[in-house]
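# sequence plus predicted model, see below.
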Amino acid sequence: MSHDNDFPENHDALRTRTHARPRPAKKPLATQEGQRIPTRRADERAYPLETPGRSSEPRAPRAQVPTDSRAPYTRAPGKPHPSRSQTPVAQTSTSRPSKTVFAVAGACVALALVLFSVVHWQSTRPIDIMVNGQELQMPRTATVNDAFEAAGSPATAGNMLDIDGELLQEGSGTAYTATLDGHELDPSAAADTPLDGHTSIDFTNGVDVEEPSNVAENQPIAHGVQDVGHGPLHIVTQKGQDGSGTIKTGQVSGKQQVIEVTSDPVDTIMKRCYPDTQGEKVVALTFDDGPWDDTNELLDVLRDNGAKATFFTVGNRISGNGADTVKREVAEGHQVATHTWDHAAGDGQSVNLSYMSAEQQREEITKGFQAIEDATGQKPSFVMRAPGGNFPTEVWSNVEDLVVADIGWDVDTTDWKRPEASRIAAELMRVTPGDIVLMHDGGGNRKNTIEGLRIALPKLVQDGWKFVTIDELMKYPTKDS
Ligand SMILES: [Zn+2]
């Protein structure tokens, strides 16, 4: 049986009582104090009086037991119980301030932890945002570009255009157009714009951008060439002159654009026209690609018929016998002009000056003139015939200061195909006043050409026709048709 520790001061008395009489089951203190005492039987009240050696004084009511008297039995073992003689006030005055400090500090730490947790939660919790009508959950630190990728790249990039607006690089424009909460973002800063604090973003296709470019002032503005009219005489009637102004140059395309004109360029005007002999039976016979082996025989035929002609020579043929032939041509009143230095061989493929570089084009012409001057000791005629008859405007703009006129033709005998002499003669017989006739003294066997002339010229002379040089023909007025 356990001790009854509730009332140690009555221990002996209780034990004595236990031996004397079975004790009723113990009730909770509250019950004992509040209920049992008032209802105690008369014999129970008599126990203390019957106990031998005990004071006859009535037992103090349990309710009078000082509360402090029980304190030592509820303290932790080993801890000394403060003496009742110690002043409780003095003890309280040394412990209460430290408890308060600790309590306040603890509260502060707890509050700080709570605040930190709230802030951390706020900063790291995902955000919900509508991307092109689709609700996405994104990290709070996400950017516009993150949303673009998370939404599956819902827009197509623009392109890079050159300064003329032509497509230069596909997909090199802005990646997308982003509208954040109804506000369209600057494309250059859109990608890194944070999403936090916003509720919706819409992506539409990127826009085209123009290539980077440079702008320079006081730059030459190249003049153009106007190719006007019809006819075998191709005469420069107005020399071109470059202008100046502000030029924009595309850094990728290299294209140039005139932004502002300081002085206007003046176009070259290359006019095609006809000599107007007003019905006079005048014809210009022309021979290309010589001098050649048969040129002297051809010169004999012309001489015998009192006919003058124009020879468009190939410069690199004018040496040795060729130089002598050219001298004879000049001596007998013919006109010697150039058909270029080597018939636009090499890069020109022997047919077209425009296949050559600008520098080569000029050399072809100047060396052709020089070869004639070297052979004859005289300045040549500054008209020419372009190889293949090809003299596009871009060549004109490059050589217009070297050449007075390019000479075409009205009648093509196609003698270079070596048709029968009678067919060449027949072509010659159909000339009209002011015609320029194309034939060849070089480039191969020209026996048929010579024979055709031998047939036709006497008949034409008899019929009143006169054969003049190009220079003589160009003294006539011109007409447009
Ligand atoms: Zn030719």
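Thanks, I have it.
# the helices in the stretch 351-481 of the chain, which residues?
For the stretch 351-481 of the chain, the helices defined by DSSP state H, counting those that start in this stretch occupy 358-376, 393-399, 421-428, 447-462, 470-473.
# quick one: contacts of the longest one?
Think helix 358-376. 313-316, 318-319, 322-323, 326-327, 330, 336-342, 344, 346-348, 353-354, 356, 379-380, 382, 384, 395, 398-399, 402-403 (C-beta atoms under 8 Å, 6 or more residues apart in numbering). From N, CA and C alone the C-beta is placed, and that goes for glycine too.
# now it: average pLDDT?
Helix 358-376 shows a mean pLDDT of 97.
# what do you get for the fourth one?
Here the mean pLDDT over helix 447-462 is 98, rounded to a whole number.
# tilt between it and helix 421-428?
Relative orientation of helix 447-462 versus helix 421-428 (axes from the mean of the first three to the mean of the last three C-alpha atoms, to 10 degrees): 40 degrees.
# buried sites along helix 447-462?
Using 16 or more other C-beta atoms under 10 Å as the test for burial, helix 447-462 gives 448, 449, 450, 451, 452, 453, 454, 455, 456, 457, 460.
# would you write a ChimeraX line that selects the buried entries of the contacts of helix 358-376?
Selection of buried members from the contacts of helix 358-376 for ChimeraX, criterion 16+ other C-beta under 10 Å:
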select :313,314,315,318,322,323,326,327,330,336,337,338,339,340,341,342,344,348,353,354,356,380,384,395,398,399,402,403
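# got the domain boundaries for the protein?
Domain segmentation of the chain under automatic domain parsing yields 1-55, 133-210, 214-229+239-268, 273-479.
# mean confidence for the third one?
Domain 214-229+239-268 shows an average pLDDT of 95 in the prediction.
# likewise stretch 111-120?
Mean pLDDT, stretch 111-120: 84.
# alpha carbons only: can I get that stretch in CSV?
In CSV, the C-alpha atoms belonging to stretch 111-120 read as follows (Å, rounded to 0.1, in the frame of the first residue of the first chain):
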residue,chain,number,x,y,z
LEU,A,111,8.5,37.1,-35.1
ALA,A,112,11.6,37.5,-37.2
LEU,A,113,11.3,33.8,-38.2
VAL,A,114,7.7,34.3,-39.1
LEU,A,115,8.4,37.4,-41.1
PHE,A,116,11.3,35.7,-42.9
SER,A,117,9.2,32.7,-43.7
VAL,A,118,6.4,34.9,-45.1
VAL,A,119,8.8,37.0,-47.2
HIS,A,120,10.6,33.8,-48.4
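# in it, what's buried?
Using 16+ other C-beta under 10 Å as the burial criterion, none of the residues of stretch 111-120 qualify.
# wait, what's in contact with the closest residue to the ion within the stretch 101-250 of the chain?
In the stretch 101-250 of the chain, the residue found nearest to the ion is residue 232; the distance is 15.4 Å by C-beta to the ion. Contacts for residue 232 (C-beta under 8 Å, 6+ apart) come out as 272, 274, 407, 408, 409, 410, 436.
# for residue 159, same thing?
If you count contacts by C-beta under 8 Å, 6+ apart, residue 159 has them with 167, 168, 169, 170, 171, 172, 173, 208, 209.
# next, the buried residues of stretch 440-448.
The neighbour-count check on stretch 440-448 (16+ other C-beta under 10 Å) flags 440, 441, 442, 446, 448 as buried.
# now flag whichever of those residues is closest to residue 129.
Looking at the buried residues of stretch 440-448 and their distance to residue 129, the nearest is residue 440, at 82.8 Å (C-beta to C-beta).
# bridging residues for that closest one?
Bridge pairing for residue 440 (DSSP bridges) gives the partners residue 288.
# thought it was touching residue 291?
No. Residue 440 is beyond contact range of residue 291, at 11.6 Å (criterion: C-beta atoms under 8 Å).
# contacts for stretch 295-308?
285, 287, 309, 311, 325, 328-329, 332-335, 441-442, 446, 449-450, 453-454, 457-458, 461, 467-469, 472.
# what's the distance between it and the middle of its chain?
From the chain centre to the centre of stretch 295-308 is a distance of 67 Å (C-alpha atoms, centre = their mean, to the nearest Å).
# same question for stretch 182-202.
23 Å.
# now do stretch 131-141
Stretch 131-141 has its C-alpha centroid displaced from the chain centroid by 30 Å (C-alpha atoms, centre = their mean).
# which parts of that stretch count as buried, going by neighbours?
So stretch 131-141, judged by 16+ other C-beta under 10 Å, has buried residues 131, 132, 136, 138.
# for that stretch, how far is the first residue from the last?
End-to-end distance of stretch 131-141 (C-alpha to C-alpha, to the nearest Å): 16 Å.
# quick check, central residue of the protein?
With distances taken as C-alpha atoms, centre = their mean, residue 160 lies nearest the centre of the chain, 3.9 Å away.
# that one reaches residue 168, doesn't it?
Yes. Between residue 160 and residue 168 there is a contact under C-beta under 8 Å: 4.8 Å.
# which residues are in contact with each of these two?
Common neighbours of residue 160 and residue 168 (criterion: C-beta under 8 Å, 6+ apart): 211, 252.
# and the closest residue to residue 139 other than its chain neighbours, what does it touch?
Using C-beta to C-beta, 6 or more residues apart in numbering and skipping the chain neighbours, the partner closest in space to residue 139 is residue 126 (6.0 Å). Residues near residue 126 by C-beta under 8 Å, 6+ apart: 137, 138, 139, 140.
# okay, the last one: pLDDT?
At residue 140, the predicted lDDT confidence score is 90.
# wait, a helix at residue 191?
No. Read with DSSP: H, G, I helix; E, B strand; the rest coil, residue 191 is coil and lies in no helix.
# I'd guessed it sits against residue 175; true?
Yes. If you go by C-beta under 8 Å, residue 191 and residue 175 touch, sitting 7.3 Å apart.
# more crowded one of those two?
residue 175 (20 against 16; other C-beta atoms under 10 Å).
# re earlier: from residue 167, how far off is the residue nearest to the centre of the chain?
When distance is defined by C-beta to C-beta, to the nearest Å, residue 160 is 8 Å away from residue 167.
# in the stretch 301-450 of the chain, which spans are strands?
For the stretch 301-450 of the chain, applying DSSP state E, counting those that start in this stretch gives strands covering 309-313, 335-338, 383-384, 405-407, 411-412, 436-440.
# and the second one, what does it pack onto?
Based on contacts counted as 3 or more C-beta pairs under 8 Å, 6 or more residues apart in numbering; DSSP states H and E, the elements that strand 335-338 packs against are strand 309-313, helix 321-331, helix 358-376, strand 383-384, helix 470-473.
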